[in-house]
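# With the input below, show me the fold.
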Amino acid sequence: MPISAALVRKLSELDPRLRDVLLTLVEEMEAQRRQLEQQVTKTEFNDLKRVVADLVVVVRGLAETQARAEKRIGRLEVAIGQLTEAQKRTEERVGRLEVAIAELAEAQKRTEERVGRLEVAMAELAEAQKRTEKRLEELAEAQQRTEKRLEELAEAQQRTEKRLEELAEAQKRTEKRLEELAEAQQRTEEALQKLTAEHKVTRERLEGLSDTVGYTLEDRAYRSLPDILRSEGIEVEGRLIRTYVRVGKKDRQVNIFGYGRRNGQRVLILGEAKVRPSRREVDRFLRLVKQLEEKEGLPAVPLFVAYDFPPSIEAYVREKGIRPVWSYELAV
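You can find the predicted model right below:
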């Protein structure tokens, strides 16, 4: 029985494993149909039954004829001859029938084997169907979880939108506050500019005052330092002065500059004058001392003259080998 185009379309829509089982079933049915076509037909079987029935009638007739008269023996012999021939034909037909029945039994056996295979295929089909149904149930559960997750995402989206609206409001308030701060910043900058201008004037005045005080301190040091140094074994040569010395590519001012001798060795006398020195000013002075020692090729006697030495600064000055000179040690 050929497979129709409609059946092929239906089979193509099924799961591959289920489609293979159904195609096997259709092929088995087609083979069974062809096998049955080759077996004994119903018409031949009916002919055989009629022959047997005729045989029964003839036998009965012979029995009745034998009983009625001997004279009919001749005819009976003829009939028996005919019956013998018929019997032979019957035996031949029965033989053929037995062969057909044996073939039918063999075909039945093959049919049973095929049915067994079909049953196995149907069992596999049932298992595949169970797996398919289980998979569908799993997909349905996954779909439910997906829908639940989508609902949660929708709720989260709503919360996010609400939060964004709150953030937008907060942003508006922030922008307003920033505008207020910008205005305040502008007023602060204007005040700072004014304060900077005033501070510049103050600093210039303080620098001028500091320079005045420093120069006064230096002038006193020029007169008093020779005696102070002499008491410490250093004899000043000539005068101590304020001067500029070329160091590298720059001219550096030296507050106190001169030469002297200590134990017969010529030394370089270098000094700095400050109202109240800081550690940074001390370090800057030390760098200058080192540069001038290299330039002059003489050991230096570093001095630091000040009105006030905080204890930590005085200790630091002495630690670096600098002689601190208090203003009260200088002659007025």
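# Where do the helices of this structure begin and end?
For the chain, the helices defined by DSSP state H occupy 5-12, 16-37, 42-68, 73-231, 279-296, 311-319.
# Of the ones you listed, which is nearest V325?
helix 73-231 (6.8 Å; C-beta to C-beta). Glycine gets a C-beta too; all of them are placed from N, C-alpha and C.
# Return the distance of that closest one from the chain's centre.
Remark: helix 73-231 is offset 12 Å from the chain centroid, using C-alpha atoms, centre = their mean, to the nearest Å.
# by contact count, what packs against it?
Judged by 3 or more C-beta pairs under 8 Å, 6 or more residues apart in numbering; DSSP states H and E, the packing partners of helix 73-231 are helix 16-37, helix 42-68, strand 234-247, strand 250-262, strand 265-274, strand 300-306, strand 323-326.
# right, so of the helices of the chain, which gets closest to Q253?
Nearest of these to Q253, taken as C-beta to C-beta: helix 279-296 at 9.5 Å.
# List the buried residues in the closest one.
Buried positions in helix 279-296, judged by neighbour count with 16 or more other C-beta atoms under 10 Å: 282, 285-286, 288-289, 292-293.
# show me the contacts for R17.
124, 128 (C-beta atoms under 8 Å, 6 or more residues apart in numbering).
# let's see 7 Å
Neighbouring residues of R17 by C-beta atoms under 7 Å, 6 or more residues apart in numbering: A128.
# Now do it against L7, distance only.
18 Å (C-beta to C-beta, to the nearest Å).
# Need the residue closest to the centroid of the protein.
L153 (21.5 Å; C-alpha atoms, centre = their mean).
# tell me the domain ranges of this structure?
Per automatic domain parsing, the domain ranges recorded for the chain read 5-145, 232-329.
# and those domains, which is most packed in?
For those, average neighbour numbers computed from mean count of other C-beta atoms under 10 Å are highest in domain 232-329, which has a mean of 16.
# Average pLDDT for that one, rounded please.
Computed over domain 232-329, the mean pLDDT rounds to 95.
# Ok, stretch 68-84 next?
Stretch 68-84 shows a mean pLDDT of 72.
# State the distance from the residue of the chain most remote from its centre to E77.
Most distant from the centre of the chain: K71, at 118.8 Å, with distances by C-alpha atoms, centre = their mean. For K71, the distance to E77 equals 12 Å [C-beta to C-beta].
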